[in-house]
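S.K.: okay, here's the prediction I keep looking at, along with the sequence it came from:
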Amino acid sequence: MSAWEDGLMEGSNKPFDKSQNPVENITAYAWSDVWDWGMTSRTYSLANAGYKVVMTHATHLYFDHPYEPDPEERGYYWATRFTDTKKTFSYNAADVYQNIKERLTGEAIAPQERCPNTQRCPVLTAPENIRGQQLPEIH
């Protein structure tokens, strides 16, 4: 079974207890990584809770946003001011918190503002649950 992350959350950032679901294999599509909304932690919270997670983050991987941050550029501004080629290909799937660079308004976010604590940014303890991350590390 697959679902958008919203349908697997109890409250805003706490995943439903997966053991209470009769379906064993559940995949979450994690899209909500807009820093201003306070839900960036959902990707790792779901993976840590045992859900398989496909990262579909709106700020870098949705193409209904303008290509440039220009009011004349066509597109929607619901998750980010723009999504260009550089932004998409610079997406860091290994550490989603490194993708936090700006607010919805386009204002820059300083690195020290990103993750002030593990409550706002939990550590990924179950990387095997992030789909596409199964390759061994190269040392």
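M.R.: Received, thanks.
S.K.: which strand or helix spans Q112?
M.R.: helix 111-114 (DSSP states H and E).
S.K.: need the contact partners of that helix.
M.R.: Applying Cβ atoms under 8 Å, 6 or more residues apart in numbering, the contact partners of helix 111-114 are W35, Y97, I100, C121. In short, each C-beta sits where N, CA and C put it, glycine included.
S.K.: among these, name the ones in helices.
M.R.: Of those, none are assigned to helices by DSSP state H.
S.K.: excluding sequence neighbours, find me the nearest residue to A30.
M.R.: T43 (4.2 Å; Cβ to Cβ, 6 or more residues apart in numbering).
S.K.: give me phi/psi at that neighbour?
M.R.: With angles defined as degrees, to the nearest 10, T43 sits at phi -60, psi -50.
S.K.: wait, it touches V96, no?
M.R.: Yes - counting by Cβ atoms under 8 Å, T43 does reach V96; the two are 5.4 Å apart.
S.K.: if you count surrounding residues, which of the two has more?
M.R.: Neighbours around T43 and V96, counted as other Cβ atoms under 10 Å, are more numerous at T43. The numbers are 26 against 22.
S.K.: related to what we said a few turns ago, identify the contacts common to T43 and V96.
M.R.: With Cβ under 8 Å, 6+ apart as the test, T43 and V96 both reach D33, M55, H57.
S.K.: need the helices for this structure, in chain order.
M.R.: 42-48, 58-61, 85-89, 111-114.
S.K.: so which of the ones you listed is the most packed in?
M.R.: Mean neighbour count (mean count of other Cβ atoms under 10 Å) peaks for helix 42-48 among the helices of the chain, with a mean of 24.
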